[in-house]
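A.B. asks: mind looking at a prediction? Sequence and model below.
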Amino acid sequence: MTETRIFARSTDGEWTATPDGNRRRVVLHTDELMMVEFAFEKGGIGVLHSHPHVQASYVAEGRFEVTVGGKTETLSAGDSFIAPSNVVHGVKALEAGRLIDSFTPHRADFLA
């Protein structure tokens, strides 16, 4: 049995290209919770989608147009949003930026 990692450094984790042209790296995860960093260039799109996981996102850097459940707002560094389970959501980077997303339960598809 492997021990769960409980600390991560900014240099940990491999960056992976996402299907929509951005990048992500899994920071930490357990079966119940996962933290993922996403990086976007200006104009980058996180396409509208839904999944069974609850997602909480923190804007670490930049400005994003965020749509959750048909409602759209512009969020900047320090702002956050929640995408409830199975609710359609997506983002557009108005400038280069990063999102820190937490998912519960973890996204097994990000570990494949």
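C.D. replies: On my side now, so go ahead. Residues are numbered from 1 along each chain as shown.
A.B. asks: list the residues that contact the residue nearest the centre of the chain.
C.D. replies: Taking C-alpha atoms, centre = their mean, the centroid of the chain lies closest to residue 101, which sits 3.5 Å from it. Applying C-beta atoms under 8 Å, 6 or more residues apart in numbering, we find residue 101 in contact with 35, 36, 37, 38, 55, 56, 57, 58. To be clear about C-beta, it is placed using only N, CA and C from the backbone, and glycine gets the same treatment.
A.B. asks: and if you look at residue 31?
C.D. replies: Here residue 31 is in contact with 105, 106 (C-beta under 8 Å, 6+ apart).
A.B. asks: how about the secondary structure of it?
C.D. replies: Classification of residue 31 using DSSP: H, G, I helix; E, B strand; the rest coil returns coil.
A.B. asks: could we number from 655 for the rest of this?
C.D. replies: Understood, numbering begins at 655; the last thing we discussed is residue 685.
A.B. asks: that one and residue 713, how far apart?
C.D. replies: Computed with C-beta to C-beta, to the nearest Å, the distance linking residue 685 and residue 713 is 27 Å.
A.B. asks: who wins for neighbours among the contacts of residue 755?
C.D. replies: Ranked by the number of neighbours (other C-beta atoms under 10 Å), the contacts of residue 755 place residue 711 first, at 24 neighbours.
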